[in-house]
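Undergrad: Sequence plus the predicted model coming up.
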Amino acid sequence: MSIKKDPSSKKQQGLRGRYWFDNVMSRGMLSLIGFLAVVTSAFIIIFALVVWATRIFPEMNFFEIFWLSIFRTLNSGLMGDGRMGIIYFILALISALVSILITSLLIGLLTSGIDQKIRALQKGRSKVIEKDHTIILGWSEMIFAIISNLAEAGRGRKKNTIVIMGDREKVSMDDEIRERIELPRNLKIVCRQGNPVSVNDLKIVNIPDSKSVIILEDSDSRLVKTLLAINNTIGGMGQSSVAIVAMMKKYRNLNTAQIAGQGRARFVLNKKFIAELIAHTCYQPGLSIVYNDLLSFEGDEINMKNIKELSGITFKDSLFMFEKCSVIGIESAGIVKLNPSMDTIIEATDRIIAICANENELKVDDAQAYVSDENIIEPGVKTGLKEESILILGWNDSGKIIINELDNYIVDGTKISILADSKMVDAIRDKIQQCDEPGIFDISVKNAKLDFLSGDITDYELLENIVLKNNFNHIVVLAYNALALQEADSITLMTLVHLRDIAEKNNLSFSITSEILDVSNRELAKVAKVNDFIVSERLSSLFLSQLSENRQLGPVFDDLLSDYGSEIYLKNIAGYVKTGTAVNYATLVKAASNKNEVAIGYKIAAQEAYENRNFGIYLNPEKSSEIIFDEKDSIIVISEEIL
């Protein structure tokens, strides 16, 4: 009895064979080459068996025929001479055709494989094996300023490497960096595509062997996830010395981020930092240039060093021990104190904090010898703050911080007018409380008198009418950062041009502090002769770069930028030394120390419009340098009091 085969079984076997073939084809170039090698080997064996069985070459054994078959198959040019008979000719012809097919397939596979490898490299998914490198996680407009700052910080090194992981293609990142930044020869940029919240992606950038990590995320929630992923990558507390710095959006998320950072991370509250700087600069034109110089890697920086020769002397005496350095504080047992009491005794283990070109400049010499006749020093009388009028044009989330900060040191009754889009004005009114204690409201003032105006800040006639009707002392222009970057800056620039024209036509004198989002627009804003540009992108990137390069300076900047203790102020020079008389800088330091303040430089009012003179700001001048001050000039000090 015969058994019939089930047709469905044949179909199933065919499907399995096709499935197996599809899997082999999908495994990549090596799998395809292996499959091609198996097919070629099978054909060579079959060819050798046929030639051996037909006795075309009776004098050869099978192995000799097999060796000949290899050459026939892999070289289509070995067709034979036709005297071997029709059978061998047909076999040689088939071998030649198979040889052409195999060679073509092999070339195609190799070409495709190389192309795939190039594409994979362009995607930036290969692992980084650099060491002691700086990693930037995330991609934003701020990244170009950060790269420029890190390039400047590493100019003295033989090799300076920055590894960037962003959510863009590697080629795109490489091209944009080359277009926007002129890179020094010692700087190596390595770009990789990936997601910073993915542990597997973070392994690509080799975090455990890096020097520092800078996180640029567009939300605090992603920042926290990135911190958790980093700690998962480098292990538990104390297992890595990698410094982590990150930009945060909201203060209320700081505690959560600190827990996720496990003590490794330092955070820059971008909005708070910029808003407080705008508020202070409003009253002190030139302050933003001071912070820019301190945070920049160009020129003098803040350094810390233990100097045995200072042991046992007072802090006040240490101010006069360096010709080219400005001592600003002491670090004792890990605690930083800027502008401590002048009679503080420096201990042998303390480190001094000073502004200087580099740590090597901190060499003791006798700057006390340069102190001039003390008759030049003025005792100065505190005049107190006076009632002034402030105008804020435009609005963003920083506005509420600016108003709250201004309210801390303005006199009762000071008028702050806000001119913005009508919808924004209505929203601001709902978030204000006029009281002595902050509550649940975003804006809580006790001294300021707030006035709200609705309108277009680029309307010339509206601006002129408001400015002429009110005798404003200070004007702040905020960027509408809810708009696109360039659109927001365009509105700001147009407003600035109008304000300067109104001031010149009507012979008005008021300070202008402007927030610029894109650093490239800073050059355009100079036309308006603004007293201070707060380029938030640049200042924030400088802050991040400083902390990533010098983690020990974190507590110094925390102290300097905190709401308590000493801060940087620009004060009228007439309260310190006589004007119109040549005086050396050491005398100015002495005059400030008599008021329990630390002098770090001065501002020449006549030069504030000239960029080539650093807008009149001179930080850390030599003690022996002589200056003749005018009544409008200022001394730059670290002090606990604004006056």
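TA: Great, that's in hand.
Undergrad: lowest confidence element among the helices and strands of this structure?
TA: strand 432-434 (a mean of 56; mean pLDDT, DSSP states H and E).
Undergrad: Following the chain past that strand, name the next helix or strand.
TA: Scanning forward in sequence from strand 432-434 by DSSP states H and E, the next helix or strand is strand 443-445.
Undergrad: For residue 334, which non-adjacent residue is spatially closest?
TA: residue 555 (8.0 Å; CB to CB, 6 or more residues apart in numbering). For the C-beta atoms, the positions are set from N, CA and C on the backbone; glycine is no exception.
Undergrad: Which strands or helices does the helix or strand containing that neighbour pack on?
TA: Following DSSP H and E, one finds residue 555 within helix 554-561. When contacts are defined as 3 or more CB pairs under 8 Å, 6 or more residues apart in numbering; DSSP states H and E, helix 554-561 sits against strand 326-332, strand 335-338, helix 536-549, strand 567-572.
Undergrad: Out of the ones you listed, flag the one nearest residue 127.
TA: Set against residue 127 and scored by CB to CB, these come closest in helix 536-549, at 22.2 Å.
Undergrad: Helices along the stretch 401-550 of the chain, start to end?
TA: Taking DSSP state H, counting those that start in this stretch as the test, the helices found in the stretch 401-550 of the chain are 422-429, 460-469, 485-505, 522-525, 536-549.
Undergrad: got the buried residues for the last one?
TA: Spelled out, it's helix 536-549. 536-549 (16 or more other CB atoms under 10 Å).
Undergrad: and if you look at the longest one?
TA: Residues of helix 485-505 classed as buried under the neighbour-count rule (16+ other CB under 10 Å) are 488-489, 491-493, 495-499, 502-503.
Undergrad: what helices or strands is that helix leaning on?
TA: For helix 485-505, the contact count by 3+ CB pairs under 8 Å, 6+ apart identifies helix 460-469, strand 474-477, strand 511-516, helix 522-525 as packing neighbours.
Undergrad: Quick one: residues in contact with the longest one.
TA: Okay, so that is helix 460-469. 391, 393, 417, 419, 453, 455-457, 475, 495, 498-499, 501-503, 506, 508 (CB atoms under 8 Å, 6 or more residues apart in numbering).
Undergrad: and what of the third one?
TA: Applying CB under 8 Å, 6+ apart, the set of residues contacting strand 511-516 from outside is 274, 278, 281-282, 285, 288, 398, 473-479, 489, 492, 496, 499-500, 522, 525, 528, 530-536.
Undergrad: Quick one, which of the residues you listed are buried?
TA: The buried subset of the contacts of strand 511-516 - by 16+ other CB under 10 Å - is 274, 278, 281-282, 285, 288, 398, 473-479, 489, 492, 496, 499, 522, 525, 528, 530-536.
Undergrad: Between helix 536-549 and the helix holding residue 555, find me the angle.
TA: Angle of helix 554-561 versus helix 536-549, following axes from the mean of the first three to the mean of the last three CA atoms, to 10 degrees, is 140 degrees.
Undergrad: Quick check: buried residues in helix 554-561?
TA: For helix 554-561, the neighbour count (16+ other CB under 10 Å) marks 554-557, 559-561 as buried.
Undergrad: Same question for stretch 308-316.
TA: 310, 315-316.
Undergrad: gap between the two ends of it?
TA: Distance between the two ends of stretch 308-316: 16 Å, counting by CA to CA, to the nearest Å.
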